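**Student:** Following is a predicted model, sequence given first.
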Amino acid sequence: MKTKREIVLDILNFAIVNSCIINPVNGYYYYLKNYIEGRCCPCDNERNNCPCKEAPSEISLNGKCKCGLFWKNLNIYMKYKFQEDK
């Protein structure tokens, strides 16, 4: 099992490499806690890693990954969140 520091670096590097943002409200702490406790991706217990291998295609297609940790950009995040409040 990776250390907490290694997981944080994986999350940050994923965001940099894939030119996306990390959830601006929850940050990565919420997801990190769930990943460490559950030993799987916080959104799907069938996914063994976070970031999972499905995340890049989900971000490309949907503007975010399944669990909402990674977003394509802040505009998409804001549009989604304002729609959610209606």
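**Tutor:** Looks like it arrived, so ask away.
**Student:** what's the helix or strand for the closest residue to Y28 other than its chain neighbours?
**Tutor:** Excluding the flanking residues, the one nearest Y28 by C-beta to C-beta, 6 or more residues apart in numbering is I11, at 5.0 Å. Every C-beta, even on glycine, is put in place using the N, C-alpha and C of the backbone. Assigned by DSSP states H and E, I11 belongs to helix 4-17.
**Student:** Each with direction, which strands does the next helix or strand after that helix pair with?
**Tutor:** Using DSSP H and E, the next helix or strand after helix 4-17 towards the C-terminus is strand 21-22. Neighbouring strands of strand 21-22 in its sheet, by DSSP bridges, are strand 70-71 (antiparallel).
**Student:** Work out which residue lies at the spatial centre of the chain.
**Tutor:** L69 (2.4 Å; C-alpha atoms, centre = their mean).
**Student:** ok, and the closest non-adjacent residue to it?
**Tutor:** Nearest one to L69, counting by C-beta to C-beta, 6+ apart, is Y31 at 4.6 Å.
**Student:** picking up where we left off before, what's the local residue count around the residue nearest to Y28?
**Tutor:** 20 (other C-beta atoms under 10 Å).
**Student:** these two touch, right, it and C50?
**Tutor:** Yes. I11 is in contact with C50 according to C-beta atoms under 8 Å; the separation is 7.1 Å.
**Student:** Can you pull the residues that touch both of the two?
**Tutor:** Here I11 and C50 have 31, 69 as joint contacts, going by C-beta atoms under 8 Å, 6 or more residues apart in numbering.
**Student:** Need phi/psi at the residue nearest to the centre of the chain.
**Tutor:** When read as degrees, to the nearest 10, the backbone of L69 gives phi -70, psi -50.
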